[in-house]
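A.B. asks: structure for the following, please:
(one chain, ligands or ions: 2)
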Amino acid sequence: MSEAITQAALLSLVDDWISGGRTVSGPSFVKEGLLLYEDLQNAGQLALGKVIRPADSIKKYFLPRHEELYRYTFAGQNTCLENIDLVPVERVIVGARPCDAAALPVLDKVFNWDYVDEFYTRRRDATTVVTIACTLWDDQCFCTSVGLGPAVEKGSDVLLLPLAEGYEVRCLTEKGQRLFAGKTTPSETMAAAPTGPERKFDTKEIDALLHGDYENPVWRDIALRCLGCGSCAFTCPTCHCFDITDEGNASGGCRVKNWDCCQFNMFTMHASGHNPRSNQAQRQRQRIQHKFRIYPDKFGEVLCTGCGNCTRNCPVSLGVLTTMEALASSDAGRDATENAASLKG
Ligand code: SF4
Ligand code: SF4
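C.D. replies: Ligands and ions are numbered 1, 2, ... in the order given. This next block holds a predicted model:
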């Protein structure tokens, strides 16, 4: 036995959430061909049809692109600080892709590690994630290569699995159960598990390459194409780097947190002018090393859900998958001089 909901009942429920005062977000076309996660005014704006995935990710609901941390004013010799007591909106994200939801437990680790980031955790607590299992994928998708899949439950409060008509409803947390209580009907039909994209690389082999082959010329070759635009990181569900700066004038201002990206040449620039990652090859290597070696060494899992956004949104079609394929096919026996020269200047 399972629980099910029709498409019409789901859309009606979404309208009820909105009219009941919740902020509801989900995939929505903002213009022809551009699907993003958007706040919905009504269920009709929700794109549940045959589309692969939004061009952005749901991380923006937990780690906004820009946010104020506190404000300050100068009064003579004194500085007055004003804390921002964040009360997040009660949000439901409906129609999230499993590769977006799966990023949340990965991010939870870094935002609760040596310091609990309350801006992040309060938003996490106030948000319920309703995921729909994927029945479509494209050449950029590789969730199955990183141990996930099109119906993975990780990070979701509710997983909806498409049936011939409507959805099988799997409530996975108390938040999810509260949201769907009394809204589903018992069903004899169980959704078939979707297979997902073919496995494209083995993370264990990549791990061995990253540990043992730091000077691989692949980084130089990739860097020749990379524009350093940051699109890969900004559309990634798991990239989470930010910069903290002051914005204000002689009378006061605010301390703000903005998204940042390891592909920007200023990302590691020191005040002295020294930059430990002074070229794009080093920056590309860092991104992949962080996702597939450093983060797993520290937190036990890769910093990637295989969503493919980094390749799909890259103006020169780079991204993790392209890099992985280049790494996996790189010539392990190449000349040592070439290795040593590969990342210089
Ligand atoms: S999106 Fe592509 S071009 Fe832009 S920084 Fe990332 S890899 Fe480089
Ligand atoms: S690194 Fe690329 S494939 Fe992996 S989660 Fe980020 S955008 Fe998706």
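
A.B. asks: alongside ligand 1, which residues does the protein contribute?
C.D. replies: Within the chain, the positions near ligand 1 by CB under 6 Å from any ligand atom are 226-232, 263, 314-316, 318. Heads up, the C-betas are built off the backbone N, CA and C, glycines and all.

A.B. asks: now flag whichever of those residues is closest to ligand 2.
C.D. replies: Each of the residues of the chain next to ligand 1 was checked against ligand 2 using CB to the nearest ligand atom; the closest is residue 232, at 6.3 Å.

A.B. asks: using the three-state scheme, assign the closest one.
C.D. replies: When the structure is split into helix, strand and coil by DSSP: H, G, I helix; E, B strand; the rest coil, residue 232 lands in helix.

A.B. asks: what strand or helix carries the closest residue to it other than its chain neighbours?
C.D. replies: Once its chain neighbours are removed from consideration, residue 232 has its nearest residue in residue 310; the separation is 3.8 Å (CB to CB, 6 or more residues apart in numbering). Residue 310 is part of helix 309-312 when elements are defined by DSSP states H and E.

A.B. asks: likewise residue 28?
C.D. replies: Residue 28 is part of strand 23-31, with elements assigned from DSSP H and E.

A.B. asks: report all helices and strands that that strand contacts.
C.D. replies: In this structure, strand 23-31 makes packing contacts with helix 7-19, strand 34-39, strand 91-96, judged by 3 or more CB pairs under 8 Å, 6 or more residues apart in numbering; DSSP states H and E.

A.B. asks: ranking those by burial, who's on top?
C.D. replies: Across the helices and strands packed on strand 23-31, averaging neighbours per residue (mean count of other CB atoms under 10 Å) puts strand 91-96 on top, at a mean of 24.

A.B. asks: strand partners of that strand, parallel vs antiparallel please.
C.D. replies: Listed by DSSP bridges, the sheet partners of strand 91-96 and their directions read strand 23-31 (parallel), strand 127-132 (parallel).

A.B. asks: list the buried ones in the last one?
C.D. replies: For strand 127-132, a neighbour-count test (16 or more other CB atoms under 10 Å) marks 127-132 as buried.

A.B. asks: again, but for the first one
C.D. replies: For strand 23-31, the neighbour count (16+ other CB under 10 Å) marks 23-29 as buried.

A.B. asks: surely residue 325 is in a helix?
C.D. replies: Yes. Residue 325: assigned to a helix according to three-state DSSP.
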